[in-house]
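Participant: just the structure for this:
(one chain, ligands or ions: 1)
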Amino acid sequence: MKNSVSVKICGLSSAADVAAAAKSGVAYVGFVFFAKSPRNVSFEQARALAVDTPTGVAKVALTVNADDAFLDALTAQVPLDMLQLHGSETPERVSQVKTRYGLPVMKALGVSDASDLPAIDQYSAVADQLLIDAKPPKGADLPGGNGLAFDWQLLADRKYWTRPWMLAGGLTAENVADAVRLTRARQVDVSSGVESQPGTKDARLFDAFVKAANKQSIPSLL
Ligand SMILES: O=C(O)c1ccccc1N[C@@H]1O[C@H](COP(=O)(O)O)[C@@H](O)[C@H]1O
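Facilitator: Prediction:
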């Protein structure tokens, strides 16, 4: 049966991990293009991984405040299905990227308290998808991928967002069912939670994560 909560595993850097993620039933695989990240991959590495990604699994490139020169080179060299903008890109920049590259754009937005929620609406008007992640701690090297969760209760009473959205931040096989139940997320994203150490995925955790994400799913009426 098809998973009703779509899972993205981010920060993949080996062909074996991409194959294992696809076998676990993920909807998306993510490749990180951010030099400071332990999950950073080169365009050449990503191209090889993307070419081998099974049809039906969307290939997402995660970038952080990337300029046009970087995105021109990335999109020319790596076959992609989506761009994930994980920096402080403005709504105007999201629109520019969408127009220039003709790819769906997912904008990541950090949440630590209720005051972070109104800004999400501005992006809802321009991005194809939203990714709601924990805000990184002050002074952190990485704007995401820190294995930190935020208070999911903040999303429990949210008003309707007009775009599909994904929940991220500190998710693991142990907590993702609770996160889905509280937030009613239909898509979840994980990186650190399926790793044995930063940057090293543990493919044995992929199945457990995908299963746990779907544990609380509402049964289909069909
Ligand atoms: O994973 C990274 O190294 C990374 C680097 C820069 C920006 C975002 C990054 N990861 C994204 O962060 C979230 C949450 O990750 P985690 O599960 O808490 O480790 C996820 O969207 C990753 O795609």
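Participant: closest to the centroid, which residue in this structure?
Facilitator: Central residue of the chain (Cα atoms, centre = their mean): Asp189, 4.6 Å from the mean position.
Participant: mind checking how far Leu189 is from Ile9?
Facilitator: One thing to correct before we go on: residue 189 is Asp, not Leu. Asp189 sits 8 Å away from Ile9 when distances are taken as Cβ to Cβ, to the nearest Å. Every residue, glycine included, has its C-beta placed from N, CA and C.
Participant: what do the two both touch?
Facilitator: Counting by Cβ atoms under 8 Å, 6 or more residues apart in numbering, the shared contacts of Asp189 and Ile9 are Tyr28, Gly30.
Participant: hmm, stretch 172-185 in reach of the ligand?
Facilitator: No. Judged by Cβ under 6 Å from any ligand atom, stretch 172-185 makes no contact with the ligand; its nearest approach is 8.3 Å.
Participant: next one: stretch 24-36
Facilitator: Yes. Using Cβ under 6 Å from any ligand atom, stretch 24-36 reaches the ligand at Gly30, Val32, Phe34.
Participant: do stretch 73-93 as well
Facilitator: Yes. If you take Cβ under 6 Å from any ligand atom as the test, stretch 73-93 does meet the ligand, through His86.
Participant: that stretch - what's its average pLDDT?
Facilitator: On average, the pLDDT along stretch 73-93 is 98.
Participant: end-to-end on it?
Facilitator: Length of stretch 73-93, first residue to last, Cα to Cα, to the nearest Å: 18 Å.
Participant: give me the contacts around the one helix or strand Ala76 maps to.
Facilitator: Under the criterion of DSSP states H and E, Ala76 resides in helix 68-77. Contacts to helix 68-77, defined as Cβ under 8 Å, 6+ apart, come from residues 33, 43-44, 46-47, 61, 63, 66, 80, 83, 97, 100-101, 103.
Participant: 6 Å - rerun?
Facilitator: Applying Cβ atoms under 6 Å, 6 or more residues apart in numbering, the external contacts of helix 68-77 come out as Phe43, Arg47, Tyr101.
Participant: after it, which helix or strand is next?
Facilitator: Taking DSSP H and E, what comes next after helix 68-77 is strand 82-85.
Participant: would you double-check that Phe209 falls in a helix?
Facilitator: Yes. Assessed with DSSP: H, G, I helix; E, B strand; the rest coil, Phe209 lies in a helix.
Participant: need the contact list for it.
Facilitator: Going by Cβ under 6 Å, 6+ apart, Phe209 touches Ala173, Val190, Val194.
Participant: recalculate using a threshold of 10 Å.
Facilitator: Residues in contact with Phe209, defined by Cβ atoms under 10 Å, 6 or more residues apart in numbering, are 7, 9, 21, 24, 26, 171-174, 176, 188, 190, 193-194.
Participant: excluding chain neighbours, what is closest to it?
Facilitator: Leaving aside its chain neighbours, Phe209 sits nearest to Ala173 (4.6 Å; criterion: Cβ to Cβ, 6 or more residues apart in numbering).
Participant: the one you found contacts Ala179, correct?
Facilitator: No. Ala173 sits out of contact with Ala179 when judged by Cβ atoms under 10 Å, with a separation of 11.2 Å.
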